[in-house]
Each structure stands twice: as structure tokens, then as C-alpha cells.
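J.: Have a look at this prediction, sequence included:
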Amino acid sequence: PIVLNNLGYAQLMGGDTDTALRNVQRSIKLNGSNSYAYRNLGLIWKAKGDKDKACSAFEEALGLGFTKQYGPEVEQLRKEYCR
């Protein structure tokens, strides 16, 4: 799941949102408690222009807990994009 999540993020950064989405969703299916995968899922849906799905993914990520390093980033994304 970690490799799929990281691959999906790299694909997102390369502009391939469809493949990124498939890989991050596969990662979540294998490990549904990975907050980083939900963060990446939110970023993918944001890039695809689906605000509702992006915000749901950000909420899920925050609900699962985050490290001090990435938690503020996801909170900021939610604050700026979802409200």
C-alpha cells in the first residue's frame, strides 16, 4: 500500500491524475487507515476539480490522524479549499 500511495503521488505530480487515482485507491483498499493516502486522494480529487470528493478525503485524512509535519498542511488545504 505504501508503494502504491507514493507512486500515485508521483503520478499526480507528473500530471497523470487518472493513474494516480487508481493507484491511491488501490492503496486505500489494501490499508484503509493510511492518512497519507487520503491526503493524496484529496489532492487528486482537487486536481480533477471534484471539491466534494476532495474535501471528504481531507476530512478522512484528518480523522485518521497526522504527524506534526503533514497535519497542518491538510488542515490548511481543508480550510482554504473546503470552506
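T.: Looks like it arrived, so ask away. Nothing here was measured: the structure is a model prediction, and the numbers come from that model.
J.: can you tell me the average pLDDT over the host helix or strand of residue 37?
T.: Residue 37 is part of helix 35-48 when elements are defined by DSSP states H and E. For helix 35-48, the mean pLDDT works out to 96.
J.: how many neighbours does the closest residue to residue 82 other than its chain neighbours have?
T.: In space, residue 82 comes closest to residue 55 once its chain neighbours are excluded; the distance is 3.9 Å by Cβ to Cβ, 6 or more residues apart in numbering. Quick note: C-beta positions are derived from backbone N, CA and C, even for glycine. By other Cβ atoms under 10 Å, the residues close to residue 55 number 18.
J.: Residue 14 now?
T.: If we define neighbours as other Cβ under 10 Å, then residue 14 has 10 of them.
J.: low pLDDT regions in the chain?
T.: 67, 69 (pLDDT under 70).
J.: Tell me where it has helices.
T.: Assigned helices in the chain, in chain order: 2-13, 17-30, 35-48, 51-64, 71-77 (criterion: DSSP state H).
J.: Those helices: which one's closest to residue 83?
T.: Ranking those by distance to residue 83, with Cβ to Cβ as the measure, places helix 51-64 first at 8.6 Å.
J.: mind listing what residue 55 touches?
T.: Counting by Cβ atoms under 8 Å, 6 or more residues apart in numbering, residue 55 touches 42, 78, 81-82.
J.: my bad, residue 77
T.: 42-43, 46, 58.
J.: hang on, the earlier thing: can you point out the buried residues in the helix holding residue 37?
T.: By neighbour count on 16 or more other Cβ atoms under 10 Å, the buried set for helix 35-48 is 35-46.
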